[in-house]
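1. Can you look at this prediction? I've put the sequence above it.
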Amino acid sequence: MIRIAPSILAADFSRLADQIAEAEAGGADWFHLDVMDGHFVPNITFGPLIVSAVRKLTKLPLDTHLMIKNPDAYLEQFRLAGSDHIIVHQEATRHLHRTVERIRELGAKAGVAINPATPCSTLSEILSDVDLVLVMSVNPGFGGQKFIPLTLRKLSEMRDMIRASGKEIRLEVDGGIDETTAPDAVRAGADVLVAGTSVFGQTNVREAVEELKKRISL
């Protein structure tokens with residue numbers, strides 16, 4: 001089953017409750033929360049308080065993507081705020097195995113993300129310990145960027161690695177996902193699609209989610 005995870009970063013925060021409800025009505029499966037600190041990436045977004053606010057507005061899983069330095073210092077805060085999945089970057093985590101273990105100790109699903117220029121092979125030793133892998137299809141830091149086509153090859157490679165591991169691991173893709181790129185990402189192996197402006201940037205959020213679902217089912 002392919003899951004659609006609208007990215008809260010692209011939502012209109014002045015009517016967040018309405019937009020979340022509209023996305024749910026369209027068939028959203030998760031909500032994705034992009035946390036940026038202005039250090040690991042050149043942008044600042046939000047922290048646990050917004051995650052907590054979103055938690056009160058939906059019962060769907062919250063997929064929290066930490067694009068921050070020293071994520072270990074904040075894992076418990078984001079879990080207490082209501083994160084169901086906590087994703088850390090391979091590039092930002094010094095002791096990745098320890099971090100993944102801590103996320104699981106806190107009762108969340110553990111995910112690891114890699115940037116477009118980071119080889120899939122860097123996750124070979126941690127793959128059996130994670131619940132999901134996030135392949136960035138843009139360079140992290142800003143919403144609304146164009147999908148990098150070369151990441152389709154990375155998705156295929158990561159899907160092969162997951163199959164070889166014999167584990168049930170979700171393969172997520174984030175960046176430039178829309179009606180055109182979503183089917184390509186699914187064919188390459190992704191089974192979770194993060195969609196920001198292609199959902200919340202549209203006039204009718206419910207119809208935008210429905211259209212994405214339709215495109216990936218063709």
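-> The structure has been received and is ready for your questions.
2. where does the nearest residue to I126 once chain neighbours are set aside sit relative to K154, distance-wise?
-> Leaving aside its sequence neighbours, I126 sits nearest to L96 (C-beta to C-beta, 6 or more residues apart in numbering; 5.4 Å). C-beta here means a position set from N, CA and C on the backbone, and glycine is covered the same way. Noted for L96: a distance of 18 Å to K154, by C-beta to C-beta, to the nearest Å.
3. same deal with L60?
-> Note on L60: its distance to K154, by C-beta to C-beta, is 27 Å.
4. and if you look at P140?
-> 14 Å.
5. pLDDT (mean, whole number) over the lengthiest helix in the chain?
-> What stands out as the longest helix in the chain, according to DSSP state H, is helix 151-165. The average pLDDT for helix 151-165 rounds to 97.
6. Quickly find the element holding I4.
-> strand 3-6 (DSSP states H and E).
7. List the neighbouring strands of that strand plus their orientation.
-> strand 192-195 (parallel) (DSSP bridges).
8. Using PDB, write out every CA atom in the helix or strand following the partner strand.
-> Remark: after strand 192-195, the chain's next helix or strand is helix 197-200, criterion DSSP H and E. Extracted in PDB, the C-alpha atoms of helix 197-200 (Å, rounded to 0.1, in the frame of the first residue of the first chain):
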ATOM      1  CA  THR A 197       3.100  22.300  -2.100                       C
ATOM      2  CA  SER A 198       1.400  19.800  -4.400                       C
ATOM      3  CA  VAL A 199      -1.100  19.300  -1.600                       C
ATOM      4  CA  PHE A 200      -1.300  22.300   0.700                       C
END
